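In: Whatever this is, show me its structure:
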Amino acid sequence: MMQRKYSNIFHSLAAGVFRLGEALTSHPRWTPRLANALLLTSIAGYKAMMTEVETLSGDFTRAPCTPGGWIASPGFDLTFFILSPLAGLALLFISPLDRTKVIHLAAATLIGGPHYLATYSFYFWDDTAAYHRRRWVAYFVVPILIILAVGGIAWFKIPVVIIVVIYFWNAYHVARQSCGIQSIYRYRAGAFDPRLKTVTNAAIISTNMAMAVAHLDWYPALYGFLSKLSPYLPDLLSNGAVLVAAVSVVRLAIAMFQRHRQGPSFRAAELAFLATSLLLFHPYLWVHDADLATLGMLVGHFIQYLGIVWLLNSRKLADGTGSLGQRALSRLWRDPWVLVPALVATGALFMVLQVNLMAVTITLVLLHFYLDSLFWAFKQPEVRRAMAPYLTDEAYGRR
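Out: Predicted coordinates for the structure are as follows:
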């Protein structure tokens, strides 16, 4: 169980957020005003991070089967994981109002900025430093090549490459994060069959991608590029994605029915987050502004990432020992008087970059996509050993 004093620290920092989550536990109906409150509370800075908890294989430290299957608590999980997309929905609801461009910029930078920049904190863990040095090409050389590639694209003025890469890589990246968190919930429910992971991941990724390409004509720059390759390509992508998603969802439904009959039983948290994951990309179905649809989807993703990495770092670095870098990182994540200003500062920095140096912002986004695929690659034993115990309760004595 997470040490009580660190739990108390977080509860004192985000008591308002937790009270909101607990209220939603007993009152499932919500209003745009409530969701907007969640967005505004999140912007205040009560965040920490994650992306792709990539697969959770049989080597993962198996979590005990706990009532409800929550990762931390009902209030925490509802606020940061399950209901966090309501913040994005609230943003979309208020978009027709005047002066919303400022709100959009604030949401993209004050929440998204810390989410993108905090990726680099994983370089400061002592127990993975040697592993990073062994794989120096992947962890140090390739990021430099990405920086050079973006610089070259900007120099030769071919932004359509960036548009295509970011749009599809972003969709896959967000879907993979959902798969990772869903895997944690599934394991906490006592379901260890790898076939469940396969069909669940396929359903989440395919439905998310199908929504992302459902109305490519609403994104003129992307639609124009694809149409130049072939006038049939946009429709082919849309219709093909729907077909793949339909098959994947049917396979998931069959697997869930079999599990319902044979066990282990589903937990409320697992089912709730599965619904969240399958529906996360819904803005692409009804918001005609593709940029706004993307932001509405990403706000929930940002909060999920921030929430689980705060949980991971506050547990893993609880003793505050190690190298100077790790001790500083521990202080950052565990001390609200340091964390909140740091989140605000990184958000402000990202806002300045997005307004004045878009090429730098694009570079940071692409580096985030790439580095998180390494930092959260649970297929690597070194990554599993460094992270898995802190995403379960075994390190804290809960049984």
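In: now stretch 331-341: how far from the chain's centre is it?
Out: 21 Å (Cα atoms, centre = their mean, to the nearest Å).
In: before we move on, what about stretch 346-365?
Out: Stretch 346-365 sits 19 Å away from the centroid of its parent chain (Cα atoms, centre = their mean).
In: For that stretch, measure first residue to last.
Out: 14 Å (Cα to Cα, to the nearest Å).
In: List the contacts of it.
Out: With Cβ atoms under 8 Å, 6 or more residues apart in numbering as the contact definition, stretch 346-365 has outside contacts at 105-106, 108-114, 116-118, 146-147, 150-151, 154, 162, 166, 170. For the C-beta atoms, the positions are set from N, CA and C on the backbone; glycine is no exception.
In: let's see 6 Å
Out: Thr109, Leu110, Gly113, Pro114, Tyr116, Leu117, Ile147, Val150, Ala154, Ile162 (Cβ atoms under 6 Å, 6 or more residues apart in numbering).
In: taking the residues you listed one by one, which sit in helices?
Out: Applying DSSP state H to the contacts of stretch 346-365, the entries found in helices are Gly113, Pro114, Tyr116, Leu117, Ile147, Val150, Ala154, Ile162.
In: Taking those residues, tell me the two that lie furthest apart.
Out: Using Cβ to Cβ, the pair of these lying farthest apart is Pro114 and Ala154, separated by 24.7 Å.
In: So which of these two has more stuff around it?
Out: Here Pro114 and Ala154 are set side by side on neighbour count (other Cβ atoms under 10 Å), and the busier one is Pro114, at 25 against 16.
In: I'd like the distance between Arg133 and Val383.
Out: If you measure Arg133 against Val383 using Cβ to Cβ, to the nearest Å, the figure is 15 Å.
In: Low-confidence ranges, the stretch 251-399 of the chain, go.
Out: Confidence mapping of the stretch 251-399 of the chain against pLDDT under 70 gives the ranges 392-399.
In: What ranges does it have for its helices?
Out: 268-279, 283-286, 290-316, 324-334, 336-356, 358-375, 381-387 (DSSP state H, counting those that start in this stretch).
In: Give the helix, strand or coil label for Ala191.
Out: Reduced to three states with DSSP: H, G, I helix; E, B strand; the rest coil, the structure at Ala191 is coil.
In: Tell me the pLDDT of the closest residue to Pro234 other than its chain neighbours.
Out: Leaving aside its chain neighbours, Pro234 sits nearest to Leu216 (4.5 Å; criterion: Cβ to Cβ, 6 or more residues apart in numbering). As predicted, Leu216 sits at a pLDDT of 95.
In: cool, Arg188 as well?
Out: At Arg188, the pLDDT recorded in the model is 89.
In: wouldn't it be in contact with Gly69 here?
Out: Yes. Counting by Cβ atoms under 6 Å, Gly69 is a contact partner of Arg188 at 4.6 Å.
In: and stretch 241-257, C-alpha only, in CSV?
Out: Coordinates of each C-alpha in stretch 241-257 appear next as CSV, following Å, rounded to 0.1, in the frame of the first residue of the first chain:
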residue,chain,number,x,y,z
ALA,A,241,-10.9,1.1,-40.8
VAL,A,242,-14.6,0.7,-40.1
LEU,A,243,-14.5,-2.9,-41.3
VAL,A,244,-11.4,-3.7,-39.2
ALA,A,245,-13.0,-2.0,-36.1
ALA,A,246,-16.2,-3.9,-36.5
VAL,A,247,-14.5,-7.3,-36.7
SER,A,248,-12.2,-6.4,-33.7
VAL,A,249,-15.2,-5.3,-31.6
VAL,A,250,-17.1,-8.5,-32.4
ARG,A,251,-14.0,-10.6,-31.4
LEU,A,252,-13.8,-8.6,-28.1
ALA,A,253,-17.4,-9.2,-27.4
ILE,A,254,-17.0,-12.9,-27.9
ALA,A,255,-13.9,-13.0,-25.7
MET,A,256,-15.8,-11.0,-23.0
PHE,A,257,-18.7,-13.4,-23.1
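In: Give me the buried stretch members for it, please.
Out: Buried residues in stretch 241-257, counted by 16 or more other Cβ atoms under 10 Å: Ala241, Val242, Val244, Ala245, Ser248, Val249, Arg251, Leu252, Ala255, Met256.
In: can you list the residues that contact it?
Out: Outside of stretch 241-257, the residues within contact range by Cβ under 6 Å, 6+ apart are Leu196, Val199, Ala202, Ala203, Ser206, Thr207, Met209, Ala210, Val213.
In: Please state the offset of it from the chain centre?
Out: Stretch 241-257 sits 23 Å away from the centroid of its parent chain (Cα atoms, centre = their mean).
In: And the spatially most distant residue from the centre of the chain, how close does it get to Val150?
Out: The centre of the chain is farthest from one residue, Pro231, which by Cα atoms, centre = their mean lies 33.7 Å away. As defined by Cβ to Cβ, Pro231 lies at a distance of 30 Å from Val150.
In: quick revisit: please identify the most buried of the helices of the stretch 251-399 of the chain.
Out: When neighbours are counted by mean count of other Cβ atoms under 10 Å, the highest per-stretch mean among the helices of the stretch 251-399 of the chain falls to helix 290-316, a mean of 24.
In: and that one, what does it pack onto?
Out: If you count contacts as 3 or more Cβ pairs under 6 Å, 6 or more residues apart in numbering; DSSP states H and E, helix 290-316 packs onto helix 85-93, helix 112-117, helix 283-286, helix 324-334.
In: the inter-axis angle of that helix versus helix 324-334?
Out: Orientation check (axes from the mean of the first three to the mean of the last three Cα atoms, to 10 degrees): helix 290-316 against helix 324-334 gives 110 degrees.
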